[in-house]
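K.L.:
Build the 3D model from these lines:
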Amino acid sequence: MPVPVDGWNREERDETQTQRLDRNWACLLQELRVVLTGVQLLTGFLLTLPFQQRFATLDENLHLLYLATVGCSIAATVLLTAPVALHRLLFRRHMLNQLVTVSHRLTMIGLFLLGAAVSGVATMIFEVIAGRQAGMAAGLFTATAWVALWVALPLIARRGTEADVLR
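P.N.:
Residues are numbered from 1 along each chain as shown. Predicted structure coming up:
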């Protein structure tokens, strides 16, 4: 019979629910530090593209792909930085459980949009350089890779385990 989550945390980590929330918040912030630099650089790069001379020569499909990609990248940036603003507004209000829960959800959606933006960038770059088929292949490969590594692999790894959450 599995040990209840709170029991496992007390026995294995010797931590209270509050300490666990503090640990979860610290882990989430570290993960955000890793991803934020990349998403901010990607967004900055995308925001400069329309001001390049060659951008005007792209066809309507690439302009639409660009808009979808930059939209995903901007939304990812907003969602992945939102936990910091949320923390500031909830600071010292004893709402750590809500902070961790909402920030986790914002991060998951932000990562999904980041993956979509990276796939869009791969599609655009390969299409401009090597043609539409190469662009589609690169976008499909990139999307498949991030879904496999960011979604499927973690879901497979967590099979048979129990979530470490407050009930």
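
K.L.:
next structured bit after the helix or strand containing residue 30?
P.N.:
According to DSSP states H and E, residue 30 maps onto helix 17-48. Sequence order places helix 60-90 as the next helix or strand after helix 17-48, per DSSP H and E.

K.L.:
Can I get stretch 14-27 in PDB, CA atoms only?
P.N.:
The C-alpha atoms that make up stretch 14-27 are tabulated as PDB, following Å, rounded to 0.1, in the frame of the first residue of the first chain:
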ATOM      1  CA  ASP A  14      11.200  15.800   7.000                       C
ATOM      2  CA  GLU A  15       9.200  18.800   5.700                       C
ATOM      3  CA  THR A  16       5.900  20.400   6.400                       C
ATOM      4  CA  GLN A  17       3.300  21.300   3.800                       C
ATOM      5  CA  THR A  18       4.600  24.900   3.900                       C
ATOM      6  CA  GLN A  19       8.200  23.800   3.500                       C
ATOM      7  CA  ARG A  20       7.100  21.600   0.500                       C
ATOM      8  CA  LEU A  21       5.400  24.600  -1.000                       C
ATOM      9  CA  ASP A  22       8.500  26.700  -0.500                       C
ATOM     10  CA  ARG A  23      10.600  24.000  -2.200                       C
ATOM     11  CA  ASN A  24       8.100  23.700  -5.100                       C
ATOM     12  CA  TRP A  25       8.200  27.500  -5.500                       C
ATOM     13  CA  ALA A  26      12.000  27.500  -5.500                       C
ATOM     14  CA  CYS A  27      12.100  24.700  -8.100                       C
END
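
K.L.:
in that stretch, what's buried?
P.N.:
Using 16 or more other Cβ atoms under 10 Å as the burial criterion, the residues of stretch 14-27 that qualify are 20, 21, 24, 25. No exception for glycine: its C-beta is placed from N, CA and C like everyone else's.

K.L.:
and of those residues, the nearest to residue 149?
P.N.:
Proximity to residue 149 was ranked across those by Cβ to Cβ; first place goes to residue 24, at 22.3 Å.

K.L.:
What distance do you get for the nearest residue to the closest one once chain neighbours are set aside to residue 120?
P.N.:
Nearest-residue entry for residue 24: residue 100, 5.0 Å, with adjacent residues in sequence omitted and distances by Cβ to Cβ, 6 or more residues apart in numbering. In this structure, residue 100 and residue 120 are separated by 30 Å, where distance is defined by Cβ to Cβ, to the nearest Å.
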